[in-house]
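Asks: with the sequence up front, the predicted model follows.
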Amino acid sequence: TAAAPWAPPEPGWRIAVRGDGMYILTYADLAAAGVLAGNPDPRTFRMLYQGEEIAIQVVGESDGEFGTSDAVIFYGQERASKYSHDNIYWLTFGQGNGLRMQPRDGAPGTAATPAYYRSTLHYELNEIYVSTALGPDELERWFANVLYPPVQPTLNYDLVLEAPYSGEYVGNLRVVLFGLMEHAINPDHHVKVLLNDVEVGDIWFDGRTWYTFEAAVPQSLLRPGANRLTLTHPNDTGVGSDVIYFDWAELEYAASLSAHDDVLAFGYDVPASRKYVIEGFNHADVAVYDVSDPTHVVLVEGVDVQAS
């Protein structure tokens, strides 16, 4: 017989998130949702994701009371789905002590100090739905805009970088397009790609198909703030008019170790001992988490916070 479908916990509170990051549920949040009505023991708070318990942090739980300065902290993940933007977590209590984030010593050592980390900016707008775009049923068919020469031959977008590294590095730009029209002329699509008014790509492709463009991007081409991405159709293929949809762009670049709005999320692909020096925080109350395993987040303790 088939296994019974998973049922939400009882009692249970549904929590929706729309992006990767640390989430804080305050006393006011839980009180407004009715979680604290029966004065539950916060040591029994548990967070479930897709039926499995994840590690959380419950600030101030040791006294068995959830006070006004206490909070529940957990790591939530974005959901990649064509049907919903929300990823759902469930908070429950009363069934034994819950799973907690384990501590790890992060006191600064003598390892090398990186000057930057590799960051990726993904730019995607879901403005136009094209049901005839080729692909399987689960494919998400929303697009940002359309190149339609001679009526709309150019698209401009700002890729906003908070703190690009000022040294040498070679990044990568990816742009995904979908050519809708088919003509006897081959190739029948032509797009030029510019970044900050510098041409980084000259794309020719043919037929009703997807096309992924990639190009190396020197770090010297980037600047803090808005970096203008331009897609332009010269309309020189001989077809007279064309339709090319712009799906998304992704820029991989070197970013400085600097917090923005008191937050910095970063990582390295290759494990190694490193001493991170991070600037840009506005106060000394800094919390550090290792989210390499999103369901078993580690609380990094012993960090050194100094006024600059």
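Replies: Yes, it's here.
Asks: report the contact partners of the residue lying closest to G109 once chain neighbours are set aside.
Replies: Closest residue to G109 apart from its sequence neighbours, by Cβ to Cβ, 6 or more residues apart in numbering: K275 at 6.0 Å. (Glycine included, C-beta is placed from N, CA and C.) By Cβ atoms under 8 Å, 6 or more residues apart in numbering, K275 lies in contact with 108-113.
Asks: farthest-apart pair in those residues, please.
Replies: P108 and A112 (12.0 Å; Cβ to Cβ).
Asks: more neighbours, those two?
Replies: P108 (12 against 9; other Cβ atoms under 10 Å).
Asks: ok, that one - contacts?
Replies: By Cβ under 8 Å, 6+ apart, the neighbours of P108 are 275, 303-304.
Asks: so it is in which element?
Replies: Following DSSP states H and E, there is no helix or strand that holds P108.
Asks: so it versus R118, what's the distance?
Replies: The spacing between P108 and R118, counted by Cβ to Cβ, to the nearest Å, is 22 Å.
Asks: just the strands in the stretch 51-200 of the chain please.
Replies: Using DSSP state E, counting those that start in this stretch, the strands found in the stretch 51-200 of the chain span residues 52-54, 57-59, 71-76, 87-92, 102-105, 116-124, 128-129, 142-143, 145-147, 154-161, 170-179, 189-195, 198-205.
Asks: and the ones you listed: which comes nearest R228?
Replies: Once the strands of the stretch 51-200 of the chain are compared by Cβ to Cβ, strand 154-161 is nearest, at 6.0 Å.
Asks: got the angle between the closest one and strand 170-179?
Replies: 150 degrees (axes from the mean of the first three to the mean of the last three Cα atoms, to 10 degrees).
Asks: now the strands of the stretch 51-200 of the chain in CSV, with distance to A255?
Replies: Formatted as CSV, the strands of the stretch 51-200 of the chain follow (distance: least, Cβ to Cβ, whole Å):
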stretch, distance to A255
strand 52-54, 28
strand 57-59, 27
strand 71-76, 21
strand 87-92, 25
strand 102-105, 24
strand 116-124, 4
strand 128-129, 31
strand 142-143, 28
strand 145-147, 27
strand 154-161, 7
strand 170-179, 10
strand 189-195, 16
strand 198-205, 19
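Asks: nearest to Y27, of the ones you listed?
Replies: strand 71-76 (7.2 Å).
Asks: ok, and what's touching the closest one?
Replies: 15, 17, 19-27, 30, 42, 45, 47, 54, 56-60, 87, 89, 91, 287, 289, 291, 294, 297.
Asks: now swap in stretch 35-46 and tell me
Replies: Stretch 35-46 has contacts (Cβ under 8 Å, 6+ apart) with 9, 13, 27, 30, 53, 56, 58, 60-62, 64-66, 70, 72, 91-99.
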